[in-house]
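Participant: give me a model of this one.
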Amino acid sequence: MGSIILSTAKWIAIVVVVLIVVLVVGVTLVPPVTRRFTDRWGATAAEHSAAYPGDDLFPATREISTKAITIAAPPETVYALVQQMGQHRGGWYGWDWFYNLTKSSDFVDGHYSTRIVPELQGVAVGDKIAINDMVAYDVVVADPGRALVLATGSLKAADLPMRSMPETWTENSMAFVMKPVGDGGSSTRLILRMRADGTDTGFGRWVWNGPLNFGGALFSHKTLVGIKRTAEALER
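Facilitator: Now for the predicted structure:
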């Protein structure tokens with residue numbers, strides 16, 4: 001019996017060590033190697049180099065990523081889904097289990113909404129879109145059918161765009177841009193421009209440039225795919 005317990009403990013220890021090694025390798029080696037791809041996931045070279053609403057809010061070098069997806073639905077439908085995103089709202093069109101696990105959900109439909117929710121429409125500049133109970137984005141651009149831009153950080157939304165930066169600061173923005181494509185604009189090219197920077201250095205900047213950037217790329221791509229599926233299902 002004792003040998004069985006020791007053998008089991010040994011294998012548990014081996015599994016734990018392997019998981020730790022995989023985790024360390026994943027957060028140190030994977031993000032730098034894959035970032036050239038994940039920062040341009042689905043976007044063309046022209047889309048990545050183009051300027052979008054929100055690019056002038058603050059200077060950014062830490063992250064300027066552009067992701068894109070083509071959706072067989074008009075920009076108005078896509079915008080309606082985008083503006084209803086958020087905690088206590090329509091969700092994030094991604095892994096609901098994760099948002100439930102991190103207490104970032106409480107979505108109006110119990111999961112990300114597969115319908116256009118009337119009471120969540122009409123988002124305006126100055127509104128707040130919560131990520132969780134501690135973090136919320138300010139709506140800084142709300143142009144129906146064209147663009148919704150959100151920003152959060154230490155800078156005051158009322159002062160954006162910033163021309164003179166304070167001594168210490170950090171800021172992040174997400175711009176969802178809808179470009180009509182196809183016959184009569186029946187389809188949409190949904191572009192997500194994410195920007196981030198600040199005066200953080202050392203370990204903090206490494207975390208932003210590596211694990212957080214990689215994780216954000218996975219979740220934002222999942223959101224774009226979820227919006228595509230939902231919008232196309234609504235059109236059908």
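Participant: which non-adjacent residue is nearest residue 61?
Facilitator: residue 197 (5.8 Å; CB to CB, 6 or more residues apart in numbering). Using the backbone N, CA and C atoms, a C-beta is placed for each residue, glycine as well.
Participant: in a strand, that's where the one you found is, yeah?
Facilitator: Yes: counting by DSSP: H, G, I helix; E, B strand; the rest coil, residue 197 is part of a strand.
Participant: got the contact list for it?
Facilitator: Residues in contact with residue 197, defined by CB atoms under 8 Å, 6 or more residues apart in numbering, are 58-63, 170-171.
Participant: got it, and residue 160?
Facilitator: 57-58, 140, 151.
Participant: so in the chain, where's the weakest helix or strand by average pLDDT?
Facilitator: helix 2-28 (a mean of 58; mean pLDDT, DSSP states H and E).
Participant: how distant is whichever strand or helix holds residue 177 from the center of its chain?
Facilitator: Following DSSP states H and E, one finds residue 177 within strand 170-181. Mean-position distance between strand 170-181 and its chain equals 10 Å (CA atoms, centre = their mean, to the nearest Å).
Participant: which stretches in the protein count as helices?
Facilitator: 2-28, 30-38, 45-49, 75-83, 96-101, 202-207, 213-235 (DSSP state H).
Participant: got the contact list for the fourth one?
Facilitator: For helix 75-83, contacts defined as CB under 8 Å, 6+ apart pick out 71, 90, 93, 113, 116, 120-121, 123, 142, 144-146, 148, 176, 178-180, 185, 188, 190, 227, 230-231, 234-235.
Participant: tell me where the model's unsure across this protein.
Facilitator: By pLDDT under 70, the low-scoring segments of the chain are 1-11, 13, 15-34, 203-211.
Participant: redo that, cut-off 50
Facilitator: Residues of the chain that meet the criterion pLDDT under 50 lie in 22-23, 26.
Participant: contacts only, for residue 195.
Facilitator: By CB under 8 Å, 6+ apart, the contact list for residue 195 reads 54-55, 57-58, 60, 63-65, 172-173, 175.
Participant: could you report the separation of residue 191 from residue 14?
Facilitator: Distance, residue 191 to residue 14, by CB to CB, to the nearest Å: 45 Å.
Participant: now swap in residue 173 and tell me
Facilitator: 44 Å.
Participant: when the two are compared, which one has more neighbours?
Facilitator: Shown here are residue 173 and residue 14; by other CB atoms under 10 Å, residue 173 has more neighbours (26 against 10).
Participant: do you know how far the more buried one is from residue 98?
Facilitator: Taking CB to CB, one finds residue 173 at 22 Å from residue 98.
Participant: same question for residue 150.
Facilitator: Taking CB to CB, one finds residue 150 at 20 Å from residue 98.
Participant: and these two? which has more neighbours close in?
Facilitator: residue 150 (26 against 13).
Participant: distance of residue 138 from residue 153?
Facilitator: Distance from residue 138 to residue 153, by CB to CB: 9 Å.
Participant: ok, now which ones touch residue 52?
Facilitator: Here residue 52 is in contact with 147, 175, 177, 191, 193 (criterion: CB under 8 Å, 6+ apart).
Participant: how many neighbours does the fourth one have?
Facilitator: Around residue 191 there are 23 other residues, counting by other CB under 10 Å.
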